[in-house]
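Enquirer: sequence isn't available, so here's the structure alone:
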Ligand SMILES: Cc1ncc(COP(=O)(O)O)c(C=O)c1O
């Protein structure tokens, strides 16, 4: 599977762009007055992928995840703010407003915190909670809005941001979708940096399209400095970009789980004429590729990284000759630990664990016999049980004696037991648990569940004597939603 070592070094180019042209033109991050953290933006590492079949090609990952805000968007945040400062549209202590899928917000929050601006962000509600917490911790004000409505709808996140900026005195609406400083940052800075790291020899660049800034900026840069470089778009299934590139048709947008890339319209900053080719990547393929990238190469990228990596592998494996290819690790997977890197979440979404049995086992998000169920022993204290519930974010725990369920402890049992005297948290689990259990054989029909849930109980699925796992209403709902396809 691994590439030969001889491919590992970026090789000398046949026709190298002039060295002067490859000098990074980064924004003014290194002046005496700007905080040092801003000087850490850019100059990110490029690493060779060595554990995957890349056909005749050599594939490199550009680790934009190493920027201080954790994504490629730090670059445009700095560039757009400094462009507004130069133009006089952002005055000291002023307010910045933006609509963002998260990473641009993080970049802006980093720069705004460092430079002393107020920042208001409008964020669609599908974004990972880690991103939103990070933004708030950096001091940004956040407005969460619907992610299920498109351009033109009053609740569309970009329209809300524009309105908010108009209503706030002296506020700057950054608008990464149309702000020329966005693609310019990649044209002047990211592009030359990649070419320099590739020793001027780059055949194909894999990108995703959100605002289109990366595609447009890198595309313009390579047109000038490396005309042989092809721009390849990795597009999530449901986005309209791939069809426009490949067939010129603008289809109906669907929905996708991957964050930061994919569009339901072509933003002003997105020049699709620069794209040579585009691949549609399903959520399942993209997220699985991202997980494999971490497992085999140790690279912790986000969901868009998985999508770009999957497209990069498809591209590389279908080449007839050796090419040198780069894809972006556009943000860090730290923000997605509870989503794509969490097996239970992947199974809930139907992306893994597709070994279907046609019985109640298919509804179990966590299996006791696979060590996935958090449980307590009868002799554990109620305090231990409560802490486990909180950590695992569940509202009931099976009480296990060896492999047998002997009881169930839920939040209401616990509350009833300790409300008069918190010292009773030190009592054993047996004192508060219920021993009246609703066990259901794994081959029972689905209809038995509604009867159990109607009585506000939880179903314990068993295989003979063996406990397999718990089912609650949400498991049944997830199962029914998966059937929607
Ligand atoms: C997480 C993330 N956000 C956004 C983008 C899209 O960038 P742009 O807005 O420049 O099109 C990418 C793609 O590189 C990405 O991976």
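Expert: Okay, I see it. Keep in mind the model is a prediction, meaning the values are calculated, not measured.
Enquirer: mind listing what the closest residue to residue 321 other than its chain neighbours touches?
Expert: Closest residue to residue 321 apart from its sequence neighbours, by C-beta to C-beta, 6 or more residues apart in numbering: residue 56 at 6.1 Å. Where C-beta positions appear, they are placed from N, C-alpha and C, glycine not excepted. If you count contacts by C-beta atoms under 8 Å, 6 or more residues apart in numbering, residue 56 has them with 316, 319-323.
Enquirer: now residue 56, what are its backbone angles?
Expert: Note on residue 56: its backbone torsions stand at phi -80, psi 0 [degrees, to the nearest 10].
Enquirer: picking up where we left off before, selection in PyMOL covering whichever of the contacts of residue 56 are buried, please.
Expert: In PyMOL, a selection of the buried entries from those looks like this (16 or more other C-beta atoms under 10 Å):
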select buried, resi 316+323
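Enquirer: now the contacts of residue 56 as CSV including distance to residue 228 and pLDDT?
Expert: Compiled in CSV, the contacts of residue 56 are given as follows (distance: C-beta to C-beta, whole Å; pLDDT from 0 to 100):
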residue, distance to residue 228, pLDDT
316, 16, 98
319, 14, 98
320, 16, 97
321, 12, 97
322, 13, 98
323, 10, 98
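Enquirer: residues touching the residue nearest to residue 55 when sequence neighbours are not counted, list them.
Expert: Spatial nearest neighbour of residue 55, excluding adjacent residues (C-beta to C-beta, 6+ apart): residue 317 at 4.1 Å. Taking C-beta under 8 Å, 6+ apart as the criterion, residue 317 is in contact with 53-55.
Enquirer: near the ligand, which residues of the protein are found?
Expert: Counting by C-beta under 6 Å from any ligand atom, the residues of the chain lying close to the ligand are 71-72, 103, 207-215, 259-261, 302, 304, 328, 330-331.
Enquirer: and with 5 Å instead?
Expert: Counting by C-beta under 5 Å from any ligand atom, the chain comes close to the ligand at 103, 208-214, 260-261, 304, 328, 330-331.
Enquirer: what's the most distant pair in those?
Expert: 212 and 331 (16.9 Å; C-beta to C-beta).
Enquirer: ok, back up a step: from the contacts of residue 317, which is closest to residue 43?
Expert: Distances from residue 43 to the contacts of residue 317, taken by C-beta to C-beta, are shortest for residue 54, at 25.2 Å.
Enquirer: and residue 270, how far from residue 286?
Expert: Using C-beta to C-beta, to the nearest Å, residue 270 is found at 20 Å from residue 286.
Enquirer: which of those two has more neighbours?
Expert: residue 286 (29 against 25; other C-beta atoms under 10 Å).
Enquirer: pLDDT of the strand or helix carrying the more buried one, averaged?
Expert: Using DSSP states H and E, residue 286 sits in helix 283-297. In this model, helix 283-297 has an average pLDDT of 97.
Enquirer: stretch 358-369 now?
Expert: Computed over stretch 358-369, the average pLDDT equals 88.
Enquirer: where's it relative to the chain centroid, distance-wise?
Expert: In terms of C-alpha atoms, centre = their mean, to the nearest Å, the centre of stretch 358-369 is found 27 Å from the chain centre.
Enquirer: can you list contacts of that stretch?
Expert: For stretch 358-369, the surrounding residues in contact (C-beta under 8 Å, 6+ apart) are 344, 347-348, 356, 372-373, 375, 398, 400, 440-444, 446, 449, 459, 461, 466-471, 475-476, 478-479.
Enquirer: just the buried ones out of those, please.
Expert: Among those, those buried by neighbour count (16+ other C-beta under 10 Å) are 347-348, 373, 375, 398, 400, 440, 442, 449, 459, 461, 467-471, 475-476, 478-479.
Enquirer: what about the residue nearest to residue 237 when sequence neighbours are not counted, neighbour count?
Expert: In space, and not counting its chain neighbours, residue 237 is closest to residue 282: 4.6 Å by C-beta to C-beta, 6+ apart. Residue 282 is flanked by 17 other residues according to other C-beta under 10 Å.
Enquirer: which phi and psi does residue 282 have?
Expert: The phi/psi pair for residue 282 (degrees, to the nearest 10) is phi -70, psi 160.
Enquirer: and for residue 346?
Expert: According to degrees, to the nearest 10, residue 346 has phi -60, psi -40.
Enquirer: local confidence estimate at residue 36?
Expert: 87.
Enquirer: my bad, residue 402
Expert: According to the prediction, residue 402 has pLDDT 85.
Enquirer: burial count for it?
Expert: With other C-beta under 10 Å as criterion, residue 402 counts 7.
Enquirer: same question for residue 150.
Expert: Residue 150: 9 neighbours (other C-beta under 10 Å).
Enquirer: any figure for the gap between it and residue 405?
Expert: With the distance defined as C-beta to C-beta, residue 150 ends up 47 Å from residue 405.
Enquirer: what is the worst-scoring helix or strand of the chain on mean pLDDT packed up against?
Expert: Lowest by mean pLDDT, DSSP states H and E among the helices and strands of the chain is helix 343-348, with a mean of 82. Using 3 or more C-beta pairs under 8 Å, 6 or more residues apart in numbering; DSSP states H and E, no helix or strand is in contact with helix 343-348.
Enquirer: going forward, the N-terminal residue is numbered 20.
Expert: Okay, using 20 as the starting number, the last item reads as helix 362-367.
Enquirer: pLDDT on the following helix or strand past it, on average?
Expert: On the C-terminal side of helix 362-367, the closest following helix or strand by DSSP H and E is helix 401-411. Averaged across helix 401-411, the pLDDT comes to 93.
Enquirer: which outside residues touch helix 401-411?
Expert: Applying C-beta under 8 Å, 6+ apart, the external contacts of helix 401-411 come out as 393, 395, 414-416, 428, 430, 433, 436-437, 443-448, 450-451.
Enquirer: buried set for it?
Expert: Across helix 401-411, burial judged by 16+ other C-beta under 10 Å covers 401, 403-405, 407-408.
Enquirer: ok, back up a step: now do the least confident helix or strand of the chain: everything it contacts.
Expert: Applying C-beta under 8 Å, 6+ apart, the set of residues contacting helix 362-367 is 306, 310, 357-359, 371-372, 384-385, 391, 497.
Enquirer: so which of those wins on neighbours?
Expert: residue 359 (28 neighbours).
Enquirer: quick one: low-confidence parts of the chain?
Expert: 20-53, 120, 147, 372-374, 504 (pLDDT under 70).
Enquirer: how is it partitioned into domains?
Expert: As assigned by automatic domain parsing, the chain contains the domains 43-372, 376-501.
Enquirer: deepest-packed of the ones you listed, please.
Expert: Per-stretch averages of neighbours, counted by mean count of other C-beta atoms under 10 Å, single out domain 43-372 among the domains of the chain, with a mean of 21.
Enquirer: could you give the angle of the strand or helix carrying residue 434 to helix 401-411?
Expert: Secondary structure assignment for residue 434, by DSSP H and E: helix 430-437. Using axes from the mean of the first three to the mean of the last three C-alpha atoms, to 10 degrees, one finds that helix 430-437 and helix 401-411 are set 150 degrees apart in direction.
Enquirer: direction included, what does the next helix or strand after helix 430-437 pair up with?
Expert: Following helix 430-437 in sequence order, the next helix or strand is strand 457-460 (DSSP H and E). Applying DSSP bridges, strand 457-460 is found paired with strand 478-482 (parallel).
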